[in-house]
Structures are given as structure tokens and as C-alpha cells.
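*Asks:* Got a predicted model here, sequence first, then my questions.
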Amino acid sequence: MTHNGILFVISGPSGVGKGTLREALLKSTPNLIDSISVTTRPARIGERDGREYFFMDRDKFENLIKQEEFLEWAQVYSNLYGTPKQFVQENLDKGLDVLLEIDIQGAMQVKAKKPDGVFIFIAPPNVEELANRLINRGKDSQDSIVERLKACYDEMEFMREYDYLVINDNISEAIKNLEAIIIAERCKINKDKE
Ligand code: 5GP
């Protein structure tokens, strides 16, 4: 019996550790395809075009929006981010599972288009912990940290729209939970149920 691949979507507030969990999950999970997003944000040191993201300017990004090339796209703080539609669909059609690590606005767009996806909300153990992580990772200005913490309260409201909740208190526990979700979803009998 053949079936379409499963679309796994992980999202949650900024600074919750989604990126780290995604990397660990891709290493530990066979046959899980990483979707590389497009962004208008400049590459950070050590990032390579086509590996972490496809980096492009706003004009090119807006052209892709017009051409309906995105499964979803959103403005996250001051930059645009989008998921290339064709890449995701081709892999799902081949029966391969695809992982998206995107923000909540994007996840809600994907849910509207692909309700049979598996939506996993990553939450911080508490807001103080999230504040500490944003401060310690040293990527964000004080204003941006305040903005992200404010957004976190609104974003937590979306938790109920998701299928699973993983609290990222301890990284290895969180990864184990994500792996368990993937295994359980792959073992489901009625995957292609309409
Ligand atoms: P960063 O710039 O730190 O890599 O990512 C910032 C935020 O953008 C993170 O919350 C990340 O999940 C989100 N993000 C990354 N790629 C996409 C995407 O394709 N679509 C959406 N909606 N959000 C994304």
C-alpha cells in the first residue's frame, strides 16, 4: 500500500528552541525531509544560501508571492519568510515525510491548506525561561526581546490549534517526545483518511 508523506509542522514562540530541535530531529530521524525556507533576512555568520535558507531581497520575494510559489509566507518581526510550495508537495507526493519549522502565522496558513498535517507546538517551560534564552543567545536587542516576550503571550493562545504540545524544558526530553510523535504518526493506519 502506498500513501502520501506526512507533513510535520513545528512552531512556537520565538526563542523557544525550535531551530535546535529541528536540527536534532533531522539528524536522528531517517527519511524526514527538511524544507528550506526563503527569507529576506540577511544571512548570519556561518549561514549558507540554500542550506539554512534561500536568502533573497524583498522584490524577489514579493515576485514569488505573486507567482503563488509559497505554501505559506509571513512577516516575522521585520523580515519575510516563506515555504516553497512545489518542493513540499513533490516530496509528499513521493510518499516522503516533510518537516517545516515555521512561525505560528505560517503554521495556521498551512493548517488551513493542509489540515491532515501534524501540528506540533513547542512551548517554553515559562516566560522567565524564554526571557533568559533570548538574552543568553545574544542575537536580539533589548527592544526586540521585549517585543518577542509580548508576542509570546498572544502566541500561546494558538496552542489549542495544534495536535501536540512539546514543552522544551530539557532538550533531550523534548527531542524524545518529538521522535515519539513522528513514530506514532508513521504507525497510524488511517493516514490517508479524508
Ligand atoms: P530566524 O530568522 O531566527 O532563523 O527565524 C525567525 C523565525 O522565522 C522563527 O520563528 C522561524 O520559525 C520562522 N520561520 C523560518 N522559516 C519560516 C517560513 O518559511 N515561514 C514562516 N512563516 N516562518 C518561518
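*Replies:* Sure thing, it's come through. Numbers count the residues shown, from 1 in each chain.

*Asks:* contacts, neighbours, all on C-alpha from now
*Replies:* Fine.

*Asks:* So stretch 46-60, near the ligand or not?
*Replies:* No - between stretch 46-60 and the ligand, judged by CA under 6 Å from any ligand atom, nothing touches; the nearest distance is 7.7 Å.

*Asks:* how far does that stretch sit from the chain's center?
*Replies:* Centre-to-centre, stretch 46-60 and its host chain are 16 Å apart (CA atoms, centre = their mean, to the nearest Å).

*Asks:* and Glu23, which of the three is it?
*Replies:* Put simply, Glu23 is helix when judged by DSSP: H, G, I helix; E, B strand; the rest coil.

*Asks:* Chain neighbours aside, what residue packs nearest to the most centrally placed residue in the chain?
*Replies:* For the chain, the residue nearest the mean C-alpha position is Glu101 (1.5 Å; CA atoms, centre = their mean). Closest residue to Glu101 apart from its sequence neighbours, by CA to CA, 6 or more residues apart in numbering: Ile10 at 4.9 Å.

*Asks:* Check which residues of the biggest helix by length in the chain are buried.
*Replies:* When the chain is parsed with DSSP state H, its longest helix is helix 171-187. The neighbour-count criterion (16 or more other CA atoms under 10 Å) identifies Ala174, Ile175, Asn177, Leu178, Glu179, Ile181, Ile182 as the buried residues of helix 171-187.

*Asks:* quick one: contacts for the third one?
*Replies:* Asn177 sits next to Val166 when contact means CA atoms under 8 Å, 6 or more residues apart in numbering.

*Asks:* Next one: it from Glu129, what distance?
*Replies:* 20 Å (CA to CA, to the nearest Å).

*Asks:* Correct me if wrong: Gly106 contacts Trp73.
*Replies:* Yes - Gly106 lies in contact with Trp73 (CA atoms under 8 Å); the separation is 5.9 Å.

*Asks:* residues bridging contact with these two, i.e. touching both?
*Replies:* With CA under 8 Å, 6+ apart, Gly106 and Trp73 have common neighbours Gly82.
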